[in-house]
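In: fold the following for me, if possible:
(chains A, B, C and D)
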There are 2 protein chains.
Amino acid sequence: MDETNRPRRVRADAERSTARIMDAATTVLAADPSASLERIADAAGLARATVHRRFSSRQALLDALVAQLNERYLKGLAEARVQTAPPLVALHRLTELIFELKVGHRFAMELAADPEGREPLLEPEVVDGLDALFTRLHESGEIAAADPAWCRRLYLVLLHEVHQLPAAAPELAAEAAEGVAARVDLLVRTLLGALGGTPARR
Amino acid sequence: MDETNRPRRVRADAERSTARIMDAATTVLAADPSASLERIADAAGLARATVHRRFSSRQALLDALVAQLNERYLKGLAEARVQTAPPLVALHRLTELIFELKVGHRFAMELAADPEGREPLLEPEVVDGLDALFTRLHESGEIAAADPAWCRRLYLVLLHEVHQLPAAAPELAAEAAEGVAARVDLLVRTLLGALGGTPARR
DNA sequence: AATAACTGCAACATACATGAATCATTTAGG
DNA sequence: CCTAAATGATTCATGTATGTTGCAGTTATT
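Out: Numbering: from 1, shown residues only, chains lettered A, B, ... in the order given. This next block holds a predicted model:
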């Protein structure tokens, strides 16, 4: 936030490497949560040593990924106007933003935390934002479920499932929209149905 | 199947150990899919060497767990009369049976397969049984979703989520039933809603 | 009671992931 | 163009998981 005008400090090169490593890690760890740093380095097209230079330890890399995830969720929550927009609209927008960011949910949700450390690893602010959204959905009668925690879990799970759905899946083809929009529609419809919302439908 | 009358062959002792190892593995691996064999052995109250005597390799243990999982699903499908009973009744029964068996879904669903080997690791017979159930649910108008694969994924995910739900969760307390029955009711209601079923219920 | 199987304990070998360090080479930026 | 930073390649150290083996003691089965 304050090193923008210190030319001889962090080379643009390095930042690109960092980004490439994190991207590769997101992809590789999503497929295999116990993948070695070497495989991540390969996927990033870099040497393993470089990974260690950018991230002092494996845990540091995981922490960075979690931080990035939280950042993106937080940004999505803000842009979707979760607190002020009509809750259904906010849900749509939030979902769309998250999909477009290609967030690698799964790995982070389960792995980065210590084996013992229960509870996700979403920052309290993110959790609060999501809870606010579901509380508003409940109060406006869009869903019957009153427990924000249950809604949250279901939402995150559905994000993962719909994200993983192959583009050719029948369920997506049945949607009126296409591409990301089809996934968003499917997710919202499924979520509302699961939480006891109105059948709605076309 | 043919060694029942060969007294000096497999001691009853050993079979108990095998069962204890598999039980412990199910528990431990559910909490941490990359847990070492030593931790599993400890949880089973046995020495690590014993684990190696019963299972020639870690992979062999995982395979055995997967086989056991498939066995139990298959048994559940048969007992629930998935092919003949009214589909809603079959769904209830199947869900109840699976919950009571305390199946450790998650570990198996994701871990035991090779990092590359996509697709779950349910036997085709199990998949067929589940698909038949969902097809019948669709044909009888209970659900709107027509894609059995999508139904299956949602069902398995919900099994996991509802299974993990703490007993004190508000969502469970809101159910009319109690204990396992409450979980079954919640799961069925949520699943039907998610798949576009009738709102039913109050 | 005798035999064979099972177990715990310990030592050992192997493989792999992690992390630090060095050095030569390339590359970004003033 | 010149300097400092970044990278790749290599080596080394360490820790841990895996798998094997031998032996002594225990337990099941006949």
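In: CA atoms for contacts and neighbours, from now on please.
Out: Will do.
In: which is the next helix or strand following the helix or strand bottoming out on mean pLDDT in chain A?
Out: Lowest by mean pLDDT, DSSP states H and E among the helices and strands of chain A is helix A:105-110, with a mean of 61. With elements assigned by DSSP states H and E, the helix or strand that comes after helix A:105-110 is helix A:124-139.
In: now do the SS call for the nearest residue to A:Gly197 once chain neighbours are set aside.
Out: Leaving aside its sequence neighbours, A:Gly197 sits nearest to A:Ile143 (CA to CA, 6 or more residues apart in numbering or on different chains; 4.1 Å). Look at A:Ile143: counting by DSSP: H, G, I helix; E, B strand; the rest coil, its state is coil.
In: distance of A:Ile143 from DNA strand C?
Out: 43 Å (CA to the nearest atom of the strand, to the nearest Å).
In: isn't that residue up against A:Leu195?
Out: Yes - between A:Ile143 and A:Leu195 a contact is recorded at 5.6 Å, counting by CA atoms under 8 Å.
In: between these two, which is the more surrounded one?
Out: Between A:Ile143 and A:Leu195, A:Leu195 has the larger neighbour count (other CA atoms under 10 Å in any protein chain shown), namely 24 against 21.
In: from what I can see that one touches A:Asp147, true?
Out: No - using CA under 8 Å, A:Leu195 is not in contact with A:Asp147, being 9.9 Å away.
In: can you count the residues close to A:His92?
Out: Counted with other CA under 10 Å, A:His92 comes out at 16.
In: return the distance of A:Ala145 relative to DNA strand D.
Out: Taken as CA to the nearest atom of the strand, the span from A:Ala145 to DNA strand D is 41 Å.
In: ignoring the adjacent residues along the chain, who's closest to A:Leu154?
Out: Per CA to CA, 6+ apart, closest to A:Leu154 is A:Leu191, 7.4 Å.
In: so who does A:Pro170 touch?
Out: Residues in contact with A:Pro170 (CA atoms under 8 Å, 6 or more residues apart in numbering or on different chains) are B:Asp147.
In: checking A:Ala177 next. Helix, strand or coil?
Out: coil.
In: that one: how many residues sit nearby?
Out: Neighbours of A:Ala177 using other CA under 10 Å come to 14.
In: now the one 3 residues further on
Out: Using other CA under 10 Å, A:Val180 is surrounded by 17 other residues.
In: A:Ala64 too?
Out: By other CA under 10 Å, neighbour count at A:Ala64 equals 14.
In: the helix or strand hosting it vs DNA strand C: in contact?
Out: A:Ala64 belongs to helix A:58-79 when assigned by DSSP H and E. Yes - contact of helix A:58-79 with DNA strand C (CA under 7 Å from any atom of the strand) involves A:Arg58, A:Gln59.
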